[in-house]
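>>> predicted model, plus sequence, below.
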Amino acid sequence: VVALGESVHQWSMGDRLCCLVPSGGFAEFCVCPASQCLPIPKGFSWAEAAAVPLACAVSWCFLFDLGKLSKGQTVLIHGGA
């Protein structure tokens, strides 16, 4: 994080974050809503972190939006590479 909006309180300057940019894309720097940011997992490189938001969004879409997975159900992830 190199700059924060006045109403952003959950992140701090210097935090390592990744986000899913609304129009898509990959960049070293971008402006995005704070609610769309995720902390980069410890030990992840910047390149590894770039894949996190997209992988999460695609997984969510297939499991919940298209697959209608709901509370109490289970799912087997086989060969999730």
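Good, I have the coordinates.

>>> which stretches of this protein have low pLDDT?
Within the chain, the ranges that satisfy pLDDT under 70 run 80-81.

>>> now do the same contact list for the nearest residue to G14 once chain neighbours are set aside.
Spatial nearest neighbour of G14, chain neighbours left out: V1 (6.2 Å); criterion: C-beta to C-beta, 6 or more residues apart in numbering. (C-beta placed from N, C-alpha, C; glycine too.) Shown in contact with V1 (C-beta atoms under 8 Å, 6 or more residues apart in numbering): W11, S12, M13, G14, D15, L17.

>>> all helices of this structure, in order?
46-60 (DSSP state H).

>>> tell me where it has strands.
Listed in chain order, the strands of the chain (DSSP state E) span 17-19, 37-39.

>>> how far does the first one sit from its chain's centre?
With C-alpha atoms, centre = their mean, to the nearest Å as the basis, strand 17-19 stands 6 Å off its chain's centre.

>>> give me the contacts around that strand.
Taking C-beta under 8 Å, 6+ apart as the rule, strand 17-19 contacts 1, 11, 30, 32, 36-40, 49-50, 52-53.

>>> next, give me the two most distant ones among these.
The span of these, defined through C-beta to C-beta, is set by W11 and A50 at 18.0 Å.

>>> what's around C18, how many residues?
24 (other C-beta atoms under 10 Å).

>>> for it, list each beta-bridge partner.
As for beta bridges, C18 partners with L38 under DSSP bridges.

>>> neighbouring contacts of stretch 45-52?
For stretch 45-52, the surrounding residues in contact (C-beta under 8 Å, 6+ apart) are R16, C18, F26, E28, L38, I40, P41, F44.

>>> among these, the buried ones, what's the PyMOL command?
In PyMOL syntax, the buried subset of the contacts of stretch 45-52 is picked out as below (16 or more other C-beta atoms under 10 Å):
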select buried, resi 18+40
